[in-house]
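Q: starting from these lines, generate the structure:
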Amino acid sequence: MKEKVLITGASGFIGYHLVEEALRQNLEVFAAIRPSSPTAHLRSLRVHFTTLPYLSGPTLEKILEAGQYHYIIHAAGLTKAKTQEGYNAVNATFTRNLGEAAVRADIPLKRFVFMSSLAALGPVPEEATRPISPLHQPHPVTAYGKSKLLAEEYLRNLPGLPLVTLRPTAVYGPLERDLYLLIRTVARGLEPYIGRQAQKLSFIYVKDLAEITLRALHIPGRNQLSYNLSDGNSYDKYAFAEVTKKLLHKKTLRLHLPVAAVRALARLLEEAYRFSDKTPALNREKLTELSAANWICSIREPQQDLGFAPRYNLETGLAETLNWYKANKWL
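A: Numbering: from 1, shown residues only. Just a heads-up that it's a prediction; the model follows:
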């Protein structure tokens, strides 16, 4: 009989790739989605669909017991919200409720993997000589990062939860939509940057992230562990566009936009969206993250504990990503 894995956020960018990897590893996959989530891209896969009432602990328990899951990967969350409270409600409170239900439920749970973010720890100064490590003193610079850190704290305080926390850096790949905006802009001949300050950036290709997430399910024991994840390389602020230009055979006009001007634009966009349920792609929260000096993280711990050996660097990952965008008429 196959072991069962419950994957939350399964209809999203990362969630979809987690589902694919779980199926490749011959697990029986249960995809937790919202009733309003698009599922056309999942329908051809051998998955069972379910919904989780995150606000009702007793109901969550019953659903988990009905499923008798061996593994839970909690990848659902908000990446855009208007307030800290909005981020906290979904990213922290819902996470705590699911974790508590997993502890209380009578299920054969071996691992609970929480998809956090490097944003929970925050960046370091550009001149920092040491990369961000799991022992790095957290100082998230965004409301999103703060909500992920709060979720981590909630889960760590649940005795008996066999927790693994993963903190990926910027994730890119097929189906991704935020970095895709930069790719599309470069494809149109423009290469915009916020300010001229130096930056050190890190990335991880979504297939590497999915592979290491599934590997984390099988760490023996029930101790609580945490890992930062990237492809292990350091990139300057121009690398992503430079690789994209090379692969697309494009020339661009490079623009350095004053930080003050971009901040003013972000403020105007937030005002324009004030009465909308949506949040603009450019907002002051995102600007803080994009202009941070140094997002380089150490992957020594997952290399040692999990045998993590990223198969993709930025060029090989972007090559596969761009081919997917072209094949699916995104470019």
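Q: alpha carbons only for contacts and neighbour counts from here, please
A: Will do.
Q: list the contacts of stretch 187-200.
A: With contact meaning C-alpha atoms under 8 Å, 6 or more residues apart in numbering, stretch 187-200 is reached by 126, 182, 185, 234-237, 241, 245, 248, 250-259, 262, 290-296, 331.
Q: quick one: the strands in this structure, in order.
A: Here the chain has its strands, by DSSP state E, at 4-8, 28-32, 47-50, 71-74, 111-115, 163-168, 170-172, 190-194, 200-201, 203-205, 225-229, 235-236, 253-257.
Q: of the contacts of stretch 187-200, just the buried ones, PyMOL syntax please.
A: Paste this into PyMOL to select the buried members of those, with burial taken from 16 or more other C-alpha atoms under 10 Å:
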select buried, resi 126+182+234+235+237+241+245+252+259+262+291+292+293+294+295+296
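Q: can I have the worst-scoring helix or strand of the chain on mean pLDDT written out in CSV, keeping just the CAs?
A: When each helix and strand of the chain is scored by mean pLDDT, DSSP states H and E, helix 284-290 comes last, with a mean of 86. Below are the C-alpha coordinates for helix 284-290, written out as CSV (Å, rounded to 0.1, in the frame of the first residue of the first chain):
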residue,chain,number,x,y,z
ARG,A,284,6.3,49.1,-0.6
GLU,A,285,6.5,45.7,1.0
LYS,A,286,7.9,44.2,-2.2
LEU,A,287,10.2,47.1,-2.7
THR,A,288,11.8,46.5,0.7
GLU,A,289,12.5,42.9,-0.3
LEU,A,290,13.7,43.8,-3.8
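Q: which neighbouring elements make contact with it?
A: Packed against helix 284-290 by the contact rule (3 or more C-alpha pairs under 8 Å, 6 or more residues apart in numbering; DSSP states H and E) you find helix 259-272.
Q: by contact count, what packs against the helix it packs on?
A: Judged by 3+ C-alpha pairs under 8 Å, 6+ apart, the packing partners of helix 259-272 are helix 284-290.
Q: give the buried residues for the helix it packs on.
A: Arg284, Glu285, Lys286, Leu287, Glu289.
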